[in-house]
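>>> Got a predicted structure here, sequence first:
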Amino acid sequence: MKKLYVIMLAVIALAACVNDDKYDLDFFNQKYGNHGGNEKPEEPEDTTTVVPEPDTLYVNIVYDGATATLTGDVDKVSVSQSGADVILTSTTDKSLQLTLSGSSTDGSLLIYSQKMYDMVLNGLQLTNPDGPAINNQCSKLLNLIFADGTENTLTDGTEYATAPTNAEGKSIDQKATFFSEGQICINGTGSLTVYGNAKNGIASDDYIIFEGGTVNVNMSSTGTNGIKVNDGLTINGGTLNIDVMADGARGIKNDSYTTITGGNITITTSGDCLMETVDGVTDASSAAGIKCDSIFTMSGGTLTISSSGDGGKGINCSQNVEISGGTLTITTTGKNEDGKPKGIKSDTGIIVSGGSISVSVKKSWACDNGTDSEDPEDHVTVQGSPTTCTLTKRMVIISY
């Protein structure tokens, strides 16, 4: 009994000690805060508002006669301006959307960007009397977009002033009314009309892809090619109208492949042969709707080419011309004094396996694949079972 009494006293003492410890801890926390106690202190509420950096920078350029106004994220790019001549440099790692509008008869845009960017034409009428209207010095992809329902116009001068220099002290390229060092992807539901008076209408040192929109290229007799591209041309959609007048000029001059899967393309050339002398040898360079230094393929869309100049050609290709779909119509009516006008000329082969083609010429061969044969059937390879197949020297009609 005495032993039980001692145990009960010990339990009561322990309970009292625990209650005292808890009381003391609460008191300490209330007076001095929890510094090493058994409860985690509450974090103070952060009332600072953090504004995240935008993923895309927006810059607007509005041309107005002899000047241009820039708004938007202008503080995040570098701008140099003289009247309506604007130089914009973007070194940011963020996306850039540049919107151009307004009108000027003495303005231009020269742009440098280290990343791909979007350029939106939103009712722009821009003329540069002594150089390109737009000169894109970015080697990355340029998404060129025509705003819904807008009509845009670019015009260059008949002579270009001395080209400005870049950061390395080298003269920049000035090859067209609209020139780009990098790739161009064209889209939108508006339109762009390009007038070329000195060089090409639209040119890229890389490739060009047409996805949508309407593009009209009008070249004067003092200009050259409608579209000049180094590394390939793809037309998937949209409307493209090209009219070139200069001797030896091409609607499309392509140093690489040409692929047409859709769209509505109309090309007209009226220039005669251009006589060129190299190392004492004079040769004739003929005008052409499309001059392609690689393979030409067409699987859809509509392509219409008309050539009226001496020796003018519809398609002039160094490799195969392969038609598997779409509608192709070519008409040449030029003389053959300095050159031989031909509908389709290929150095390796003309192969038709689908779609519909109609080629007619006034002189020479409608289709010429380089063979010496006088038999028209040897000049074009017809695959499959077309519903119509007419092969003569001056007319080829094939449809499936």
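Looks like it arrived, so ask away.
>>> Residue 83: neighbour count?
Using other C-beta atoms under 10 Å, residue 83 has 13 neighbouring residues. Every C-beta, even on glycine, is put in place using the N, C-alpha and C of the backbone.
>>> Touching, it and residue 64? I think so.
No. Residue 83 lies out of contact with residue 64 (C-beta atoms under 8 Å); the separation is 10.7 Å.
>>> next structured bit after the helix or strand bottoming out on mean pLDDT in the chain?
Ranking every helix and strand in the chain by mean pLDDT, DSSP states H and E puts helix 2-32 at the bottom, with a mean of 38. Using DSSP states H and E, the helix or strand that directly follows helix 2-32 along the chain is strand 56-64.
>>> Not counting its own residues, what contacts that next one?
68-74, 76-77, 84, 86, 88, 90, 92, 94-104, 107, 109, 124-126 (C-beta atoms under 8 Å, 6 or more residues apart in numbering).
>>> Just the buried ones from those residues?
Buried subset of the contacts of strand 56-64 (neighbour count, 16 or more other C-beta atoms under 10 Å): 68, 70, 73-74, 76-77, 84, 86, 88, 90, 96-104, 107, 109, 124-126.
>>> Out of the residues you listed, list just those in helices.
Nothing among these maps onto helices, per DSSP state H.
>>> I'd like the distance between the residue lying closest to residue 349 once chain neighbours are set aside and residue 175.
Sequence neighbours aside, residue 320 is the residue nearest to residue 349 in space, at 4.7 Å (criterion: C-beta to C-beta, 6 or more residues apart in numbering). Distance of residue 320 to residue 175, computed by C-beta to C-beta, to the nearest Å: 28 Å.
>>> same check, this time on residue 166
Distance from residue 166 to residue 175, by C-beta to C-beta: 15 Å.
>>> So which of the two has more stuff around it?
Comparing residue 166 with residue 175 by other C-beta under 10 Å, the one with more neighbours is residue 175, at 21 against 13.
>>> For residue 390, give the beta-bridge partners.
residue 397 (DSSP bridges).
>>> ditto for residue 102
Beta-bridge partners recorded for residue 102 (DSSP bridges): residue 63, residue 124.
>>> again with residue 87
Judged by DSSP bridges, the bridge partners of residue 87 are residue 80, residue 110.
>>> The one 10 residues further on too?
Beta bridges link residue 97 to residue 58, residue 118 when assigned by DSSP bridges.
>>> Need the pLDDT of it.
Model confidence at residue 97, expressed as pLDDT, equals 97.
>>> Spit out the contact partners of it.
By C-beta under 8 Å, 6+ apart, residue 97 lies in contact with 56, 57, 58, 59, 117, 118, 120.
>>> Identify, from these, the entry nearest to residue 183.
Nearest to residue 183 among the contacts of residue 97, counting by C-beta to C-beta, is residue 117 at 11.8 Å.
>>> So, low pLDDT: which residues of the protein?
1-54 (pLDDT under 70).
>>> and with 90 instead?
In the predicted model, the chain carries pLDDT under 90 at residues 1-55, 92-94, 164-170, 275-284.
>>> any idea how it splits into domains?
Per the record, the chain has its domains at 1-36, 57-276+284-399, by automatic domain parsing.
>>> just those domains: most buried one?
domain 57-276+284-399 (a mean of 20; mean count of other C-beta atoms under 10 Å).
>>> roughly how far is it from the heart of the chain?
On the basis of C-alpha atoms, centre = their mean, to the nearest Å, domain 57-276+284-399 sits 11 Å off its chain's mean C-alpha point.
>>> list the contacts for residue 386?
Contacts of residue 386 (C-beta under 8 Å, 6+ apart): 352, 398, 399, 400.
>>> Greatest separation within the residues you listed: which pair is it?
Maximum pairwise distance among the contacts of residue 386 (C-beta to C-beta): 9.6 Å, between 352 and 399.
>>> Name the nearest residue to residue 316, sequence neighbours excluded.
Using C-beta to C-beta, 6+ apart, the nearest residue to residue 316 is residue 288, at 4.4 Å.
>>> hey, what's that neighbour bridged with?
residue 250, residue 313.
>>> Would you agree it is in contact with residue 314?
Yes. At 7.1 Å, residue 288 counts as touching residue 314 under the criterion of C-beta under 8 Å.
>>> Overlap in contacts, these two.
With C-beta under 8 Å, 6+ apart as the test, residue 288 and residue 314 both reach residue 307.
>>> Settle this for me: residue 370 is touching residue 347, isn't it.
Yes. Under the criterion of C-beta under 8 Å, residue 370 makes contact with residue 347 at 5.3 Å.
>>> one step back: okay, the contacts of residue 97 in a markdown table with distance to residue 324 next?
A markdown table is the format used below for these (distance: C-beta to C-beta, whole Å):
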| residue | distance to residue 324 |
| --- | --- |
| 56 | 40 |
| 57 | 43 |
| 58 | 43 |
| 59 | 43 |
| 117 | 35 |
| 118 | 33 |
| 120 | 35 |
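>>> ok, residue 216 to residue 195 distance?
Using C-beta to C-beta, residue 216 is found at 9 Å from residue 195.
>>> With residue 106 instead?
Between residue 106 and residue 195 the computed distance is 15 Å (C-beta to C-beta).
>>> try residue 234
Counting by C-beta to C-beta, the gap from residue 234 to residue 195 is 25 Å.
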